[in-house]
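Novice: With the input below, show me the fold.
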Amino acid sequence: MSTFKKATVIYNPGCGKRKNHKHVPRLLHHLTDLGFDLETYSIEDFDQVDRPITDACRQKVHSIFILGGDGTVNRCIQTISTEGYRPNVGIIPLGTSNEFAKYLGMPNKLLDTIPLIGRQTIKPIDIGKIGNRYFGNIAAAGWLTDITYNTSPTLKSWLGELAYCLSFFRTYLFTKQTSDISITLQKEVLQDLSLFLIMNGNALGPFERLIDSANRKDGHFHLVALHKEDKIRLFFSLLCKMVHLPHKTTPFKYQSVCSVELSFSETMPFNLDGEQVYLDNFSFEVLPSHLNVYTSN
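Specialist: Residues are numbered from 1 along each chain as shown. Predicted coordinates:
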């Protein structure tokens, strides 16, 4: 009887820095050496993801390995999360920022992920859901939250995360704040907001700890919101974080949440793990222990 574990590989050859893709053949070879019987799909368009993911879930393969950035991961999660049987998920970071991979503790260097996968350290993690869409790490809307999908792909391929920093300063200086956003919590309503983030982890791009004192229980996400009048404080707070200067105050309103209701004064897109989407339903909830993922610990 074969000891190989069946696994599906979803590979996005168009994401991130081109130099990282030269290691993909070696990585696939190492996965085979670890005992995986691979079926690999190279995707040029996110619409090509649904069928191989659905087949993998219904054939009950051992694992799905996603070689790509946050957008690729998010697109795969949309399909995996709706299935009754969900294989183990391995995130192999190839994108620009790789926020979800960072949250899971996966290393930036492609081949360094192999020892972690070889250790078979798999744990369940919570997933967020807004309306009928899922996300693994970050959901956001409002001012400044369109930076990930409005930054030039060419600039990202050359500069990596620095491209997002340049886009942040350009957007901060030359765009108006968003019209009012309101968030309904169990005991209060946050109003007159210009942006918000609902986060599984506590890192955003170059900011390793967006909220210094952020703690949350299992089954909860971080809610980070900014009032309109805190625009100047936001700039100096993020600047201090980037250059690692001490600062005592934060412009953000923070809570640990398991569900919220969102409302907007005008139609606006959401940023789900770096991808732009429009939603009809703005109810957020946490799906506890919904995915089993390879992690560093």
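
Novice: all contacts plus neighbour counts: C-alpha atoms, from now on.
Specialist: Noted.

Novice: Let me see the domain layout of this protein.
Specialist: 5-125, 138-288 (automatic domain parsing).

Novice: Just tell me which of those domains ends up closest to residue 294.
Specialist: Minimum separation from residue 294 across the domains of the chain (Cα to Cα) falls at domain 5-125, 4.5 Å.

Novice: next one: the closest one to chain centre, how far?
Specialist: 14 Å (Cα atoms, centre = their mean, to the nearest Å).

Novice: rank the domains of the chain by mean pLDDT and give me the bottom one.
Specialist: Lowest mean pLDDT of the domains of the chain: domain 138-288, a mean of 79.

Novice: For the domains of the chain, give me a markdown table that also has mean neighbour count and distance to residue 297.
Specialist: Listed next are the domains of the chain as a markdown table, based on neighbours: other Cα atoms under 10 Å; distance: least, Cα to Cα, whole Å:
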| stretch | mean neighbour count | distance to residue 297 |
| --- | --- | --- |
| domain 5-125 | 19 | 7 |
| domain 138-288 | 17 | 15 |
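
Novice: Of the ones you listed, which is nearest residue 295?
Specialist: domain 5-125 (5.3 Å).

Novice: contacts for the longest helix along the chain?
Specialist: Determined from DSSP state H, the single longest helix within the chain is helix 161-174. For helix 161-174, the surrounding residues in contact (Cα atoms under 8 Å, 6 or more residues apart in numbering) are 96, 97, 144, 147, 148, 151, 152, 155, 156, 205, 206.

Novice: For the fourth one, give me phi and psi.
Specialist: This means residue 147. phi -60, psi -40 (degrees, to the nearest 10).

Novice: any idea how far residue 153 is from it?
Specialist: Residue 147 sits 12 Å away from residue 153, going by Cα to Cα, to the nearest Å.

Novice: swap in the second one?
Specialist: From residue 97 across to residue 153, the span is 12 Å (Cα to Cα).

Novice: can you tell me how far the nearest residue to residue 21 once chain neighbours are set aside sits from residue 256?
Specialist: Spatially, and ignoring its direct neighbours in sequence, residue 21 is nearest to residue 13 (7.1 Å; Cα to Cα, 6 or more residues apart in numbering). Using Cα to Cα, we find residue 13 at a distance of 37 Å from residue 256.
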